[in-house]
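Participant: from the sequence below, what's the structure:
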Amino acid sequence: MAGSRMAALAVLAWLASGGVALAAGEAPHIDGARLGLVWMLPFAGILLSIAVMPLAAPTFWHHHFGKVSAAWALAFVAPFAALFGLPTAVYEVMHTLLLEYVPFIILLLALFTVTGGIRVTGNLRGSPAVNTALLAIGTVLAGWMGTTGAAMLLIRPLIRANDDRKHKVHVFVFFIFLVANIGGALTPLGDPPLFLGFLKGVAFFWPTTHLFTEMLVCAVVLLAVFYVIDRYWYAREGHLPRDPTPDSPIGLQGGINLALLAVVIAAVLLSGAWKPGLTWSVNHVELEVQNVVRDVVLLAATLLSMRLTPRAIRDGNGFTWAPIAEVAKLFAGIFLTIVPAIAILKAGKDGAMAPLVGLVNRADGTPIDAWYFWLSGGLSSFLDNAPTYLVFFNLAGGDAATLMGPMAATLAAISCGAVFMGANTYIGNAPNFMVKAVVEAAGIRMPSFFGYMAWSCAILVPLFIVLTLIFFR
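Facilitator: Just a heads-up that it's a prediction; the model follows:
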């Protein structure tokens with residue numbers, strides 16, 4: 001009987017085409033070259049749940065989205081542990097949580113809390129000119145304080161400015177396009193993929209000098225398109241109702257959080273520049289001291305912001321923990337179910353996605369920048385854009401000096417794809433979800449998952465085609 005069970009497990013493992021590599025003294029890890037596409041089903045499941053359930057079962061989703069995320073994570077972890085052993089499953093979970101998810105959430109939490117304690121007081125009327133100016137300011141700020149920081153700082157003033165408008169959903173869609181994504185292309189502080197590049201050796205100001213023109217083209221085109229659309233809807237509204245927040249002088253409260261924001265930025269920079277070479281292992285997961293120090297500093301900044309910011313300021317911002325809680329719960333499931341997908345991609349031409357990966361190079365091995373742009377971007381629309389960036393960074397050779405020099409155009413294509421196309425879906429970049437949650441908490445109905453994609457397909461995809469023809473041919 002025991003032999004039958006062992007045989008059955010062996011057959012299941014063979015059918016799943018799974019494999020785990022383990023050498024003496026090494027950590028157990030997934031061999032992506034031997035994983036079948038069946039292992040991507042939980043990831044597909046959580047994506048479909050995010051896309052469909054808010055429409056099909058909104059009440060259930062609102063109360064139980066965390067449980068749904070956990071269920072899909074378990075749908076990957078449990079079979080993997082059964083087939084390949086509990087030690088391997090524990091290692092993969094701990095590796096993902098300790099090195100990717102926890103630092104990711106701590107940074108978002110710090111930015112969310114600190115910027116949520118900065119209140120832009122007063123109010124402007126949300127005319128087309130004012131809305132366009134706010135989007136332009138947010139786009140500039142995103143490159144230097146992060147897309148999360150800039151988005152959380154400006155989304156509430158933008159909501160107040162448009163609280164008397166009937167047609168305003170497009171304002172927040174373009175806000176996600178520009179402030180939560182495209183504006184983050186100028187520095188490693190702007191978006192997680194560029195920060196990972198910085199840790200791999202890409203110079204801090206390389207994105208500023210090599211992605212500026214591409215970012216500027218996208219920003220100018222999108223701001224122009226937005227102004228035309230907003231002007232059309234503004235003209236159709238006729239006599240607007242009485243503004244619940246009339247025009248008043250602009251001011252700033254919660255100045256202590258500006259200092260804490262500087263601490264957050266300094267901590268992130270320090271973790272990339274300071275390399276003491278000290279590490280310790282937790283179940284084969286190597287933790288570097290500079291990253292631990294960074295996360296401790298970020299948590300300290302978060303706690304200080306909560307303690308030092310008067311409650312009236314957060315109340316005035318309409319601040320709640322719901323947006324960051326939603327991101328934390330959903331992205332926990334995404335980070336875990338994405339593990340086999342990333343492993344398959346890392347296997348390159350030896351993996352189940354070989355036909356896809358093989359598109360990025362010509363027969364003589366030279367890179368095809370257009371495919372690097374579209375594949376890194378297309379996958380970043382649905383996978384987390386940070387690990388996707390690393391996959392294509394490594395496919396292009398993984399040497400920062402070469403990629404910044406002779407292959408600068410290829411690195412620009414990878415960087416633009418990962419940063420820009422995070423705007424294609426709500427799950428392409430964490431700030432997208434956070435903006436959606438804040439806007440909906442204000443009583444404004446945002447587009448559904450597919451509704452938002454209709455906007456991105458109609459506006460962003462044609463823009464990215466133009467970008468390809470200009471920069472990545």
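
Participant: so how far is the lengthiest helix in the chain from its chain's centroid?
Facilitator: The longest helix of the chain (DSSP state H) is helix 128-161. On the basis of C-alpha atoms, centre = their mean, to the nearest Å, helix 128-161 sits 17 Å off its chain's mean C-alpha point.

Participant: which helices and strands does that helix pack with?
Facilitator: With contacts taken as 3 or more C-beta pairs under 8 Å, 6 or more residues apart in numbering; DSSP states H and E, helix 128-161 sits against helix 102-116, strand 119-123, helix 169-178, helix 212-236, helix 256-273, helix 430-441. Bear in mind the C-beta positions are built from the backbone N, C-alpha and C, glycine included.

Participant: and it, what's buried?
Facilitator: Neighbour-count burial for helix 128-161, counted by 16 or more other C-beta atoms under 10 Å, picks out 128, 130-132, 134-136, 138-139, 141-161.

Participant: likewise for stretch 213-224?
Facilitator: Judged by neighbour count (16+ other C-beta under 10 Å), stretch 213-224 contains these buried residues: 214, 215, 218, 219, 222, 223.

Participant: residue 136 is in contact with the last one, correct?
Facilitator: Yes - the criterion here is C-beta atoms under 8 Å, and residue 223 meets it with residue 136 at 5.9 Å.

Participant: okay, and the common contacts of these two?
Facilitator: Residues touching both residue 223 and residue 136 (C-beta atoms under 8 Å, 6 or more residues apart in numbering): there are none.

Participant: where does pLDDT dip in the chain?
Facilitator: 1-27, 238-248, 384 (pLDDT under 70).

Participant: rewinding a little: which one of the buried residues of stretch 213-224 is nearest residue 278?
Facilitator: Proximity of those to residue 278 was ranked by C-beta to C-beta; the top entry is residue 215 with 36.5 Å.

Participant: now do the same contact list for the closest one.
Facilitator: Here residue 215 is in contact with 143, 182, 183, 185, 186 (C-beta under 8 Å, 6+ apart).

Participant: could you measure from it over to residue 191?
Facilitator: 11 Å (C-beta to C-beta, to the nearest Å).

Participant: which residues are in contact with each of these two?
Facilitator: Common contact partners of residue 215 and residue 191 (C-beta under 8 Å, 6+ apart): residue 185.

Participant: take the helices and strands packed on helix 128-161 and lay them out in JSON lines including distance to residue 400.
Facilitator: JSON lines is the format used below for those (distance: least, C-beta to C-beta, whole Å):
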{"stretch": "helix 102-116", "distance to residue 400": "21"}
{"stretch": "strand 119-123", "distance to residue 400": "38"}
{"stretch": "helix 169-178", "distance to residue 400": "28"}
{"stretch": "helix 212-236", "distance to residue 400": "19"}
{"stretch": "helix 256-273", "distance to residue 400": "12"}
{"stretch": "helix 430-441", "distance to residue 400": "25"}
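
Participant: for residue 369, which of these is the nearest?
Facilitator: helix 212-236 (11.8 Å).

Participant: which is the succeeding secondary structure element to the closest one?
Facilitator: strand 248-253 (DSSP states H and E).

Participant: which ones are touching the closest residue to residue 69 other than its chain neighbours?
Facilitator: Spatially, and ignoring its direct neighbours in sequence, residue 69 is nearest to residue 333 (3.3 Å; C-beta to C-beta, 6 or more residues apart in numbering). Residues in contact with residue 333 (C-beta under 8 Å, 6+ apart) are 46, 68, 69, 70, 72, 73.

Participant: for those, which one is nearest residue 325?
Facilitator: The closest of these to residue 325 turns out to be residue 69 (C-beta to C-beta; 11.5 Å).

Participant: how many neighbours does that closest one have?
Facilitator: Per other C-beta atoms under 10 Å, the neighbour tally for residue 69 reads 23.

Participant: wait, which of the contacts of residue 215 is closest to residue 318?
Facilitator: Using C-beta to C-beta, the contacts of residue 215 come closest to residue 318 at residue 183, 23.1 Å.

Participant: that closest one reaches residue 144, doesn't it?
Facilitator: No - taking contacts as C-beta under 8 Å, residue 183 lies outside contact range of residue 144: 9.3 Å.

Participant: shared neighbours of the two, which are they?
Facilitator: Common neighbours of residue 183 and residue 144 (C-beta under 8 Å, 6+ apart) are residue 190.

Participant: follow-up on the earlier one: tell me the one of the buried residues of stretch 213-224 nearest residue 304?
Facilitator: Nearest to residue 304 out of the buried residues of stretch 213-224 is residue 215 (C-beta to C-beta; 32.8 Å).

Participant: in space, what's closest to residue 393 - neighbours in sequence excluded?
Facilitator: residue 414 (6.1 Å).

Participant: number of nearby residues for the closest residue in space to residue 383 that isn't next to it in sequence?
Facilitator: The spatial neighbour of residue 383 that comes closest, neighbours along the chain excluded (C-beta to C-beta, 6+ apart), is residue 338 at 5.8 Å. Neighbour count of residue 338, defined by other C-beta under 10 Å: 24.

Participant: ok so, going back, among the contacts of residue 215, name the buried ones.
Facilitator: Buried among the contacts of residue 215 (16+ other C-beta under 10 Å): 143, 182, 183, 185, 186.

Participant: now do the contacts for the last one.
Facilitator: What it means is residue 186. 143, 144, 207, 208, 211, 212, 215.

Participant: can we see that at 6 Å?
Facilitator: Applying C-beta atoms under 6 Å, 6 or more residues apart in numbering, we find residue 186 in contact with 143, 207, 208.

Participant: from the residues you listed, which is closest to residue 467?
Facilitator: residue 207 (15.7 Å).

Participant: hang on, the closest one packs against residue 193?
Facilitator: No - with contact defined as C-beta atoms under 6 Å, residue 207 does not count as touching residue 193 (9.8 Å).

Participant: rewinding a little: show me the two of the buried residues of stretch 213-224 that sit farthest apart.
Facilitator: 214 and 223 (15.1 Å).

Participant: could you check how far residue 91 is from residue 340?
Facilitator: Counting by C-beta to C-beta, the gap from residue 91 to residue 340 is 14 Å.

Participant: quick one: which of these two has more around it?
Facilitator: residue 340 (26 against 20).

Participant: the closest residue to that one other than its chain neighbours in helix, strand or coil?
Facilitator: Nearest non-adjacent residue to residue 340, counting by C-beta to C-beta, 6+ apart: residue 39, 3.8 Å away. Here residue 39 takes the helix state, with states given by DSSP: H, G, I helix; E, B strand; the rest coil.

Participant: residues near residue 39, how many?
Facilitator: 24.

Participant: helices of the stretch 301-450 of the chain, start to end?
Facilitator: 311-317, 322-337, 339-346, 354-357, 369-380, 385-395, 400-404, 408-420, 430-441, 449-471 (DSSP state H, counting those that start in this stretch).

Participant: redo those helices as a markdown table? Include distance to residue 253.
Facilitator: Below are the helices of the stretch 301-450 of the chain laid out as a markdown table (distance: least, C-beta to C-beta, whole Å):
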| stretch | distance to residue 253 |
| --- | --- |
| helix 311-317 | 5 |
| helix 322-337 | 20 |
| helix 339-346 | 42 |
| helix 354-357 | 50 |
| helix 369-380 | 36 |
| helix 385-395 | 33 |
| helix 400-404 | 42 |
| helix 408-420 | 31 |
| helix 430-441 | 18 |
| helix 449-471 | 32 |
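
Participant: of these, flag the one that's most buried.
Facilitator: Mean neighbour count (mean count of other C-beta atoms under 10 Å) peaks for helix 408-420 among the helices of the stretch 301-450 of the chain, with a mean of 27.
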